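[1] A predicted structure for the sequence below; I have some questions about it.
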Amino acid sequence: MEAMYFDANVRIEHHAELHTKLVALVSGPFNAQLSLLAKQQLAAFDKDFKLTLIEQPSLGFSAAAEQAAGLALGGFDLGVQELLIPGTDLTADEARSQLSALVAQHIEKAKQARIGEAVQATEVTLNKLIAVPVVELLATFPHNLWQQLHAARKQALSSCLSSLTESLTGVRLDEKEQARLVAQLSTAADKRLADLLQEAALTRVSKMRDVFNHHFNLDESGTPRTWRPKDNIGVLAKQARHKAARVLALLAIVRPEDYAGDDAVQAAIMAMAGKDIEEASGNSSSRPDGSQQEVINSSNTSTGDSRSSHAGFELATATQWPGVPTKDVLIAPHEARLAWREFMSASALSVQQAQVLQQANLMAGKRSAPLWALGAILFLGWNEFMVVLWNPLYLLLGAVLFFFGWQMYSELDVDAELQRGPVMGLVNIYNKLGGVLRTVLGHNVEVAQHLGGAVVDMVQQQQQQHTKQGQGFGSAAGDGTTVLHSQQQRQQHQSAGVRHRAGVDAGQAGVQMTSLQQAAADTAAGQEDDKHA
């Protein structure tokens with residue numbers, strides 16, 4: 001019985017069974033230890049990766065990721081050496097593969113986040129670089145508008161691609177990723193340009209009026225026209241309306257970079273506008289004395305489009321532009337007709353206001369002052385001139401009034417308001433009069449207070465200087481008065497002595513005179529006695 005247990009085959013089988021049970025018993029803790037080790041190394045990788053990016057920015061994103069990944073996998077391998085059980089077939093290959101996949105996934109996630117931040121910042125810059133020149137071009141509408149629009153887009157895109165490449169230095173990108181980034185920025189540039197074009201198309205009437213007012217109300221040097229009698233309003237209005245029609249044609253559809261201005265859409269719009277412009281000009285004579293008196297006729301301006309056609313299609317009945325994809329349409333045919341009719345009505349009002357102002361200037365130039373008014377001016381002007389010469393206060397008052405009137409004139413912007421027409425201009429001036437008057441008075445009061453304070457400070461300084469000088473003179477005068485008083489006392493003492501001596505001498509002279517008179521009397525009495533004897 002015992003011999004059977006010591007049989008070699010039985011012993012081997014029991015040994016194998018025991019080995020299997022032992023491996024099954026330790027495989028669970030072994031795998032748990034591997035999982036814990038992988039988590040520790042993954043956390044260590046994340047920490048090392050971030051510290052490397054901060055402490056060694058020159059190393060680059062990809063190099064820092066590889067360095068941190070190598071340290072994490074090396075640490076895992078060292079930990080596995082301590083966990084391996086000799087005599088078993090337990091390995092950490094699967095756990096290492098999972099750790100490597102997690103590290104690669106973490107690196108890819110961080111890489112995409114870095115790329116996303118760079119692309120987002122670049123798109124913000126791209127939008128600004130495109131918006132500034134495009135808005136300016138859509139305000140001036142040069143002859144090569146679409147060439148300049150595409151050039152501005154290309155220049156902004158090229159600059160932003162360079163900035164993006166610089167910001168992603170150290171991040172390894174394959175050809176597909178680079179192509180994807182270029183396509184993403186190109187799409188963003190196209191979208192920004194399309195948004196600006198759509199915004200311009202929505203404000204088409206406003207832009208047409210701006211272009212018309214620029215060419216109609218301003219001369220070649222950019223100075224507002226005063227509508228003198230020699231200004232040919234009809235010709236100027238015709239030219240300005242053609243410029244406005246060109247704006248509508250340029251904004252109708254999206255053009256390619258090589259657009260030269262000869263497509264069917266522009267030709268159809270210009271034909272429609274040309275008929276209305278000619279009809280409006282036909283209702284004008286040639287000068288105010290027979291010059292450029294255009295009549296507002298909205299029915300004429302609204303029916304020209306119904307007779308315009310070009311390139312084999314009727315613009316009056318067209319619902320879409322021939323051969324133009326829907327995505328490239330900014331203004332549909334019916335929207336173009338409505339915009340043109342609205343513009344013609346507004347421009348006719350501007351032309352009528354210009355004619356009224358020109359007629360008023362003509363009448364003002366022909367009217368002269370009556371003779372009695374000229375005589376009164378000469379007579380009263382001489383007297384007022386003499387009054388000003390004899391009393392400069394009137395001159396000062398006149399200067400103050402002139403300065404105040406000039407401020408009011410400038411703040412009310414009378415010239416610009418009258419350009420809108422005499423009635424509308426006077427109404428606007430009247431509405432602004434109260435606020436402007438308060439503003440000008442407040443400014444003048446502040447200036448007067450400032451000048452008054454400066455004058456008061458100057459007077460006080462002069463008074464202080466005079467006070468200091470007076471104190472110096474007073475001390476000197478006090479010293480002189482003391483000396484003079486001493487001299488007067490000495491003179492009084494001397495005079496008293498002289499008077500005393502004079503009195504003594506006078507008394508002695510009186511005594512002598514009395515003695516002589518007594519002697520004379522005695523002699524006379526003796527002689528009288530001798531006679532009697």
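    On my side now, so go ahead. Predicted model only: the values in this text are computed from it and were never measured. Numbers count the residues shown, from 1 in each chain.

[2] contacts, neighbours, all on C-alpha from now
    Fine.

[3] nearest residue to Leu129 other than its sequence neighbours?
    Ala156 (5.5 Å; C-alpha to C-alpha, 6 or more residues apart in numbering).

[4] let me know the pLDDT of that neighbour.
    With respect to pLDDT, Ala156 scores 95.

[5] contacts for the host helix or strand of it?
    Per DSSP states H and E: Ala156 is located in helix 145-167. Helix 145-167 is contacted from outside by 118-119, 122-123, 125-126, 129-130, 133-134, 137-138, 182, 185-186, 189-190, 193, 255-259, using C-alpha atoms under 8 Å, 6 or more residues apart in numbering.

[6] repeat for stretch 429-437
    For stretch 429-437, the surrounding residues in contact (C-alpha under 8 Å, 6+ apart) are Met408, Glu411, Leu412, Val414, Glu417.

[7] let's go with 10 Å and repeat that
    Stretch 429-437 is contacted by residues 404, 407-414, 417-418, 423-427, 439, 441-443 when judged by C-alpha atoms under 10 Å, 6 or more residues apart in numbering.

[8] keeping just the C-alphas, turn that stretch into CSV.
    Provided in CSV are the C-alpha atoms of stretch 429-437 (Å, rounded to 0.1, in the frame of the first residue of the first chain):
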residue,chain,number,x,y,z
ILE,A,429,-29.3,122.5,-33.7
TYR,A,430,-32.3,123.6,-31.6
ASN,A,431,-32.3,120.2,-29.8
LYS,A,432,-28.6,120.4,-29.0
LEU,A,433,-28.7,124.1,-28.0
GLY,A,434,-29.5,123.7,-24.3
GLY,A,435,-26.9,121.0,-23.6
VAL,A,436,-24.2,122.8,-25.6
LEU,A,437,-25.0,126.1,-23.9
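
[9] which positions within that stretch qualify as buried?
    Within stretch 429-437, the residues scored as buried using 16 or more other C-alpha atoms under 10 Å are Ile429, Val436, Leu437.

[10] show the average pLDDT along the helix or strand harbouring the first one.
    Read that as Ile429. Using DSSP H and E, Ile429 sits in helix 422-532. When pLDDT is averaged over helix 422-532, the result is 61.

[11] show me what counts as buried in the helix holding Ala156.
    Buried residues in helix 145-167, defined by neighbour count with 16+ other C-alpha under 10 Å: 145-153, 156-158, 160-161, 163-164, 167.

[12] so which of the buried residues of stretch 429-437 comes closest to Pro224?
    Distance to Pro224 across those (C-alpha to C-alpha) is lowest for Ile429, with 18.6 Å.

[13] ok, now how distant is that closest one from Met408?
    Taking C-alpha to C-alpha, to the nearest Å as the criterion, Ile429 is separated from Met408 by 11 Å.

[14] contacts only, for the residue nearest the centre of the chain.
    In the chain, the residue lying closest to the centroid (C-alpha atoms, centre = their mean) is Val132, at 13.7 Å. The contact partners of Val132, taken as C-alpha under 10 Å, 6+ apart, are Ala152.

[15] just the element for it, please.
    Val132 is part of helix 93-140 when elements are defined by DSSP H and E.

[16] report pLDDT for Asp305.
    Asp305 is given a pLDDT of 41.

[17] quick one: low-confidence parts of the stretch 201-350 of the chain?
    Within the stretch 201-350 of the chain, the ranges that satisfy pLDDT under 70 run 282-313.

[18] what segments of it are strands?
    Shown for the stretch 201-350 of the chain, the strands assigned by DSSP state E, counting those that start in this stretch span residues 286-287, 290-291, 309-310, 313-314.

[19] by how many degrees do the helix holding Val132 and helix 145-167 diverge?
    Inter-element angle recorded for helix 93-140 and helix 145-167: 150 degrees (by axes from the mean of the first three to the mean of the last three C-alpha atoms, to 10 degrees).

[20] backbone phi and psi for Ala63, please?
    Dihedral pair for Ala63: phi -70, psi -40, per degrees, to the nearest 10.

[21] so it makes contact with Gly170?
    Yes - contact criterion C-alpha atoms under 10 Å: Ala63 and Gly170 qualify, at 7.4 Å.
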